[in-house]
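>>> give the three-dimensional model of this entry:
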Amino acid sequence: ATLDARAQDRLLHGEPGDDGHGSASAPFSYMDDTNICISYLDLEYFLDTLDTLGTPLGIILSQTKNVFLAGGYTSSYQAPHPSSFLPHFESETLQRIATKYGHYDVVGAQLLGLPIGGPSF
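The predicted structure is shown next:
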């Protein structure tokens, strides 16, 4: 509900985002896997909140398993630096959360064991 409220607040302030709904988030969980399509504006907030609320309940973010798929697909396995395809704020946010919570990839990731990404992935 909080992510919805953040998107609605952006919408009310004239920021429709990429979806026309304030960049609404789309979380998905199945058993012990959680995936989310989320705006960079909410990413750090979401992870910090999940870490704060989840840890006492035994929900621990695994830095070795966390992959932040950051768009910018390429046709090679050489991933470009996020600053080459993201605005400064998003690039800095991605670098900060990747250091704290996992790593980013621009080629592909796996969702419940299935590959998602560009042709080279």
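
>>> where does the chain have low pLDDT?
Within the chain, the ranges that satisfy pLDDT under 70 run 1, 71-87, 106-121.

>>> what segments of this protein are helices?
Secondary structure of the chain (DSSP state H): helices at 2-12, 40-54, 88-101.

>>> in a markdown table: those, plus distance to S29 and mean neighbour count.
For the C-beta atoms, the positions are set from N, CA and C on the backbone; glycine is no exception. As requested, those are arranged in a markdown table below (distance: least, Cβ to Cβ, whole Å; neighbours: other Cβ atoms under 10 Å):
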| stretch | distance to S29 | mean neighbour count |
| --- | --- | --- |
| helix 2-12 | 14 | 15 |
| helix 40-54 | 11 | 15 |
| helix 88-101 | 17 | 15 |
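
>>> reformat those as CSV; add distance to Y30.
Rendered in CSV, the data for the helices of the chain read as follows (distance: least, Cβ to Cβ, whole Å):
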stretch, distance to Y30
helix 2-12, 18
helix 40-54, 16
helix 88-101, 20
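
>>> among these, which is nearest T64?
Ranking these by their distance to T64 (criterion: Cβ to Cβ) puts helix 88-101 first, at 10.8 Å.

>>> elements contacting that closest one?
With contacts defined as 3 or more Cβ pairs under 8 Å, 6 or more residues apart in numbering; DSSP states H and E, the secondary structure elements packing on helix 88-101 are helix 40-54, strand 67-69.

>>> many thanks, I have nothing further to ask.
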